[in-house]
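Q: I'd like to go over a predicted model; first the sequence, then the structure.
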Amino acid sequence: MAAEPAAGELITVVIVDDHAAIAAGVRLWCSQAVPPIELVDAGDRLADVWTGPGADADVVIFDLELVPRRPDFGELRRLVDNGRRVIVYSQHVDDATAIKCVDLGALAYLTKREGPDHLLPAIRAVAKGEPYTAPSLSGALIADDAPGRPRLSQRETEVLRAWFVASSKELVAAKLNITVKTVDTYIARVRVKYANVGREARTKSELVGRALDDGLITLAELNETATSL
């Protein structure tokens, strides 16, 4: 995963989209941004996200449906599980798709009706590991009638559990073979998901309480760790 860009540092983005017109439009918007944003166009070649210039990009703009009528949630999960910061940019406007992408760990979900006024701020937020809520996603979250338990990805749960039983994020990073920044990104996503269901958890202790309530970890596991320290 790319490190968070320093203040004033050039943000790089790789876009995966099979429509050349979409990529050309995004490139124009990025070039006109202040400061400009560097765009790598991977076309419909997912491999270019993992190799070449796309591998080091701060943000991935991901077209969910490179194959018609086959949204690739699996690839989204793979990107997220590898610590990539993803904006899903999709023609799908249904709430269920938007919510599922957020549940899988996308930091932003935008429809292709939402232009540079939302895509550019989303890029800047996501490059810092922060979520961005566009109008389409905001409406989806308001309409969501799912229970109050947020739907965490497997990797988010793994990082969260490791953090609860570790004395530092550095130890979590070493155990899971990821960077501390990646640990921070996963924890931020979990906080956002809890906030989105009306159960904010601003501190580690509050997050532990939420996880205990939801069965993500047990008191026995926490007590065992505390005893071994």
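A: Perfect, I can see it now. Residues are numbered from 1 along each chain as shown.

Q: residue 77 and residue 153 touch, don't they?
A: Yes - between residue 77 and residue 153 there is a contact at 6.7 Å, judged by Cβ atoms under 8 Å. To be clear about C-beta, it is placed using only N, CA and C from the backbone, and glycine gets the same treatment.

Q: overlap in contacts of the two?
A: Contact with both residue 77 and residue 153 is made by residues 104, 105, according to Cβ atoms under 8 Å, 6 or more residues apart in numbering.

Q: next structured bit after the strand or helix carrying residue 161?
A: Assigned by DSSP states H and E, residue 161 belongs to helix 154-164. Heading C-terminal from helix 154-164, the first helix or strand you meet, by DSSP H and E, is helix 169-176.

Q: just the residues contacting that following helix, thanks.
A: 158, 159, 162, 163, 166, 179, 180, 182, 183, 184.

Q: can we see that at 6 Å?
A: With contact meaning Cβ atoms under 6 Å, 6 or more residues apart in numbering, helix 169-176 is reached by 162, 163, 166, 179, 180, 183.

Q: how close does the residue lying closest to the second one once chain neighbours are set aside sit to residue 184?
A: Think residue 163. Closest residue to residue 163 apart from its sequence neighbours, by Cβ to Cβ, 6 or more residues apart in numbering: residue 172 at 5.1 Å. Here residue 172 is placed at a distance of 10 Å from residue 184 (Cβ to Cβ, to the nearest Å).

Q: how about stretch 73-87 as PDB, C-alpha atoms only?
A: Below are the C-alpha coordinates for stretch 73-87, written out as PDB (Å, rounded to 0.1, in the frame of the first residue of the first chain):
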ATOM      1  CA  PHE A  73     -17.000  -7.700  -5.700                       C
ATOM      2  CA  GLY A  74     -14.200 -10.300  -5.400                       C
ATOM      3  CA  GLU A  75     -11.700  -8.000  -7.000                       C
ATOM      4  CA  LEU A  76     -12.800  -5.100  -4.800                       C
ATOM      5  CA  ARG A  77     -12.300  -7.300  -1.700                       C
ATOM      6  CA  ARG A  78      -8.900  -8.300  -3.000                       C
ATOM      7  CA  LEU A  79      -7.800  -4.700  -3.400                       C
ATOM      8  CA  VAL A  80      -9.100  -3.800   0.000                       C
ATOM      9  CA  ASP A  81      -7.500  -6.800   1.700                       C
ATOM     10  CA  ASN A  82      -4.200  -5.800   0.200                       C
ATOM     11  CA  GLY A  83      -4.500  -2.300   1.800                       C
ATOM     12  CA  ARG A  84      -5.300  -0.400  -1.400                       C
ATOM     13  CA  ARG A  85      -7.400   2.800  -1.000                       C
ATOM     14  CA  VAL A  86     -10.400   2.300  -3.400                       C
ATOM     15  CA  ILE A  87     -13.000   4.600  -4.900                       C
END
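
Q: and the contacts of that stretch?
A: 1, 59-62, 104-108, 122, 126, 155, 178, 182.

Q: tell me the buried residues in the longest helix seen in the chain?
A: Using DSSP state H to define each element, the chain has its longest helix at helix 180-196. For helix 180-196, burial by neighbour count (16 or more other Cβ atoms under 10 Å) applies to 181-183, 185-187, 189-194, 196.
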